[in-house]
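Based on what follows, work out the 3D shape:
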Amino acid sequence: MGRVSHSVVDFMLNNPRFHGSLQALGGLGEMGIGGDVTLATYGAGTPFGWPIMAHGLDQCITGLSTAFTGRPRDTLTSQLLQKAGLSDEAANFVDSGLSIGGFLGGGYLIQCARVATIAAFSCNVISYN
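Model prediction:
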């Protein structure tokens, strides 16, 4: 039983197709966050939402390519950072940081938009004594 579970873990950790599918799924989520930032803020968050969505699309396309071909690839963002002078590891680290920042920052903007909407549509209660 232990050998079977060990081989499954090895498969997941060492298989580029598995990594690519997870990258595509994360990119899809990032695209959703970017779109929701644009829509939840009624267009006010568009300068933040579109770049988040574009970065998510980059992650999704690269992940799908890796999942289908079985060969790991760098994202377009990582390739641009490498051309700007960063090492492979540093460019991939910054690229991953942008994904995390996009998720967290986008979620924060969505929550701020919801709180502002709730406050704007509050009802005044009239008390009759």
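
so which strand or helix has the residue nearest the centre of the chain?
Nearest to the centroid of the C-alpha atoms of the chain, with distances taken as Cα atoms, centre = their mean, sits E30, at 2.8 Å. Remark: E30 resides in helix 16-40, with elements defined by DSSP states H and E.

so where's the protein uncertain?
Residue ranges of the chain with pLDDT under 70: 1-6, 117-129.

what's the helix holding E30 in contact with?
Applying Cβ atoms under 8 Å, 6 or more residues apart in numbering, the set of residues contacting helix 16-40 from outside is 11-12, 45-46, 48-68, 70-72, 99, 102-103, 106-107, 109-110, 113-114. All C-beta spots, glycine's among them, are computed from the backbone N, C-alpha and C.

List the buried residues of the helix or strand that that helix is followed by.
Past helix 16-40, further along toward the C-terminus, the next helix or strand under DSSP H and E is helix 46-69. Within helix 46-69, the residues that qualify as buried by neighbour count (16 or more other Cβ atoms under 10 Å) are 48-49, 52-67.

quick one, longest helix in this protein?
Of all segments of type helix in the chain, defined using DSSP state H, the longest is helix 88-120.

How far does that one sit from its chain's centre?
If you compare the mean C-alpha spot of helix 88-120 with that of the full chain, they lie 8 Å apart, counting by Cα atoms, centre = their mean, to the nearest Å.

how about the nearest residue to L98, chain neighbours excluded?
For L98, ignoring the flanking residues on the chain, the nearest one in space by Cβ to Cβ, 6 or more residues apart in numbering is H55 at 5.8 Å.
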